[in-house]
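> The sequence and its predicted three-dimensional model are supplied below.
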Amino acid sequence: MSEGGDWLGFPLRLPSGKDDISEAAAAAIICGLPTPHLGVLISYMTQARDLAAFYFGTTAKSTVSGSMA
């Protein structure tokens, strides 16, 4: 963030099951980001219910690309 970035992305729940960081560690980092910086959750989930449950409890932003059921 000191190099000028505003958002920090966290790829989680990858299809391979090999995440680079645990969800707990990512949540701790996201919740600790100072304003105006934001965390971004990156995932390949396709079920809206799963995405909502994953997203809630953090201050991260999310976006959906592709189809959502």
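Yes, it's here.
> close enough to count as contact, residue 40 and residue 6?
No: in this structure, residue 40 is not within contact of residue 6 by C-beta atoms under 8 Å, at 10.1 Å. (C-beta placed from N, C-alpha, C; glycine too.)
> got the CA positions of the host helix or strand of residue 52 in PDB?
Following DSSP states H and E, one finds residue 52 within helix 48-55. Provided in PDB are the C-alpha atoms of helix 48-55 (Å, rounded to 0.1, in the frame of the first residue of the first chain):
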ATOM      1  CA  ALA A  48     -25.000 -16.500  -4.700                       C
ATOM      2  CA  ARG A  49     -25.700 -18.000  -1.200                       C
ATOM      3  CA  ASP A  50     -22.100 -19.200  -0.900                       C
ATOM      4  CA  LEU A  51     -20.600 -15.900  -2.000                       C
ATOM      5  CA  ALA A  52     -22.800 -13.900   0.400                       C
ATOM      6  CA  ALA A  53     -21.800 -16.200   3.300                       C
ATOM      7  CA  PHE A  54     -18.100 -15.800   2.300                       C
ATOM      8  CA  TYR A  55     -18.300 -12.100   1.900                       C
END
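> Could you pull out the buried residues of that helix?
51, 54 (16 or more other C-beta atoms under 10 Å).
> repeat for stretch 10-21
In stretch 10-21, counting by 16+ other C-beta under 10 Å, buried: 10, 12.
> quick one: that stretch to chain centroid distance?
10 Å (C-alpha atoms, centre = their mean, to the nearest Å).
> tell me the pLDDT at the residue minimising distance to the centre of the chain?
Centroid-nearest residue in the chain: residue 41, 1.5 Å away (criterion: C-alpha atoms, centre = their mean). Note for residue 41: predicted pLDDT of 82.
> ok, now residue 50?
80.
> Would you mind listing the residues in contact with it?
Listed by C-beta atoms under 8 Å, 6 or more residues apart in numbering, the contact set of residue 50 is empty.
> and it, how far is that from residue 5?
28 Å (C-beta to C-beta, to the nearest Å).
> quick one: the helices in the chain?
23-32, 48-55 (DSSP state H).
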